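In: Give me a model of this one.
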Amino acid sequence: MSALVDVATARRGMAALVDEGLGDEEIQRAYAHAVWSTLVEPGDGVAGALIEALGVVRALELALSQTSERAATSEIGLDDRELRAGYARWQPRRGDAVSAFDAARRAGARLLTPDDAAWPVAVRDLGVHAPLCLWVRGDTGILRTPAAVALVGARAATAYGTHVASQIAAECAADGILVVSGAAYGIDGAAHRGALHAAGPTIAVLAGGVDRPYPAGHGDLISQIARSGTVIAEVPCGSAPTKWRFLARNRVIAALSGATVVVEAAQRSGALNTAYHAASLGRPLGAVPGPVTSAASAGCHRLMREADAVCVTGSADVRELLGYGPESDPIPGAEDAARTDGTTRIMDALSARTPRTTDEVARRSGFSPADAGGVLGLLELDGRVERAPTGWTRRSTASPPRLW
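Out: Modelled structure (predicted):
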């Protein structure tokens, strides 16, 4: 057992943030991932290399104790200066975990780690700069949707840009394509609203904690996304959005998506940062053309000229970027991925090991107890959940319900 990451501490820290049925080693790893998220800034390559080489628990022990530096350096190929600089960055935050975890519980957030089945494997393409964990509000089930597009662009968008972003997002959502964006003013907000209007799934990737909707004017929009889609951040609850975190957030938007489309952007727009992250990952890149006289579209035209961005005018072009056929051909898995009814939220609130009461399922899923009970009853008839004397559990595989 770890001296610094003991099971009792891990279970206290992770209460209501992860599945209660996790084993000792699983809860230690989840706790270590969560603590790491409070120590580092997004994309810290030294932390990523340390964790990749030593495992998340042992790496955290070294980070907190600052021991065995030379042994660790030889294992991961970092020089002593890099590792010492990492320790110096991480130490001032070593007491931040408790307040961050409490803030997550108050916000109803959940922790998702690379050990979880819902972890979006696409972010692994970021290598040692991949997120160490994700803090989530909403439906984690859509994070592995097979067809996803990032629709991004300028905050200072024109009426043309917001109209096109909303229209393309709605068309994509209706086609079963997940819309990913950053919840900012302008193009991001229009993309999320378009997807929601079409009753399709959408993910908002925040630069600050999921308990701090930003911008404040999009608080209602972000809450709506959390109810019917997913709001995620790699920084812990309580974290403020900063310029660096916005730039780091963009790499996650690009990595989550099979393609990135810039709808409207000026020459120096931050949306171009997302586009170049997508290009560096080998993801297809698209741009929406605008009037040649519009400074708001100059960045899009630059991408088409210098970065081989494909001209995008509608969802058919997005399908092509993602490698799918004509609109008459359904996207594999899209029907299930696009479901936004209550069953996904209820299933996500259940454990396969630990029975949960109807009230607890309601709290975790965001339903009233009466509504949660109704959905649970239907799922029981489908054989997807099972009623125990102390509550409800999720079946690992669907099977016929017991009728006697």
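In: what's the neighbour count on Ala8?
Out: Look at Ala8: counted by other CB atoms under 10 Å, it has 10 neighbours. Yep, even glycine has a C-beta here, placed from its N, CA and C like the rest.
In: you'd agree it is in a strand?
Out: No. Ala8: not assigned to a strand; according to DSSP: H, G, I helix; E, B strand; the rest coil it is helix.
In: Do you know the pLDDT at Pro389?
Out: Pro389 carries a pLDDT value of 85.
In: Apologies, that question was intended for Gln66.
Out: pLDDT at Gln66 comes out at 61.
In: is Ala259 in a bridge, and if so with what?
Out: Beta-bridge pairing for Ala259 (DSSP bridges): Val149.
In: who's in contact with it?
Out: By CB atoms under 8 Å, 6 or more residues apart in numbering, the residues touching Ala259 are Val149, Ala150, Ala278, Arg283, Pro284, Leu285, Gly286, Val318, Leu321, Leu322.
In: Can you flag the buried ones in these?
Out: Neighbour-count burial (16 or more other CB atoms under 10 Å) is assigned, among the contacts of Ala259, to Val149, Ala150, Ala278, Arg283, Pro284, Leu285, Gly286, Val318, Leu321, Leu322.
In: Dump those residues to TSV, plus pLDDT, distance to Gly209 and secondary structure.
Out: Output for these, formatted as TSV (pLDDT from 0 to 100; distance: CB to CB, whole Å; DSSP: H, G, I helix; E, B strand; the rest coil):
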residue	pLDDT	distance to Gly209	secondary structure
Val149	98	26	strand
Ala150	98	21	strand
Ala278	95	25	helix
Arg283	94	27	coil
Pro284	96	31	coil
Leu285	97	30	strand
Gly286	97	31	strand
Val318	96	31	helix
Leu321	95	32	helix
Leu322	94	31	helix
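In: wait, which of those is closest to Arg245?
Out: Ala150 (17.3 Å; CB to CB).
In: Distance check, that closest one against Val235.
Out: Per CB to CB, to the nearest Å, Ala150 is found 19 Å from Val235.
In: And Val56, by the same measure?
Out: The spacing between Val56 and Val235, counted by CB to CB, is 17 Å.
In: go on, Pro146?
Out: Here Pro146 is placed at a distance of 27 Å from Val235 (CB to CB).
In: Those two: which has the busier surroundings?
Out: More crowded of Pro146 and Val235, by other CB under 10 Å: Val235, with 27 against 16.
In: Is the closest residue to the more buried one other than its chain neighbours in a helix, a strand, or coil?
Out: Take Val235 and drop its neighbours on the chain: the residue closest to it by CB to CB, 6 or more residues apart in numbering is Gly209, 5.9 Å away. Following three-state DSSP, Gly209 is assigned to coil.
In: what's the pLDDT at Gly209?
Out: Gly209 is given a pLDDT of 97.
In: which residues touch it?
Out: Gly209 touches Ala100, Ala103, Ala107, Trp135, Ala233, Val235, Pro236, Cys237, Gly238, Ser239, Ala240, counting by CB under 8 Å, 6+ apart.
In: mind checking pLDDT for the last one?
Out: At Ala240, the model reports a pLDDT of 94.
In: likewise the second one?
Out: At Ala103 the predicted local distance difference test score is 97.
In: try the third one
Out: Model confidence at Ala107, expressed as pLDDT, equals 96.
In: Setting the sequence-adjacent residues aside, check what's closest to it.
Out: Counting by CB to CB, 6+ apart, the residue nearest Ala107 is Asp211, at 3.6 Å.
In: Run through the residues that contact the one you found.
Out: Taking CB under 8 Å, 6+ apart, one finds Ala103, Ala104, Arg106, Ala107, Ala109, Cys237, Gly238 in contact with Asp211.
In: cool, and Ala107?
Out: By CB under 8 Å, 6+ apart, Ala107 lies in contact with Arg137, Gly209, Val210, Asp211, Cys237.
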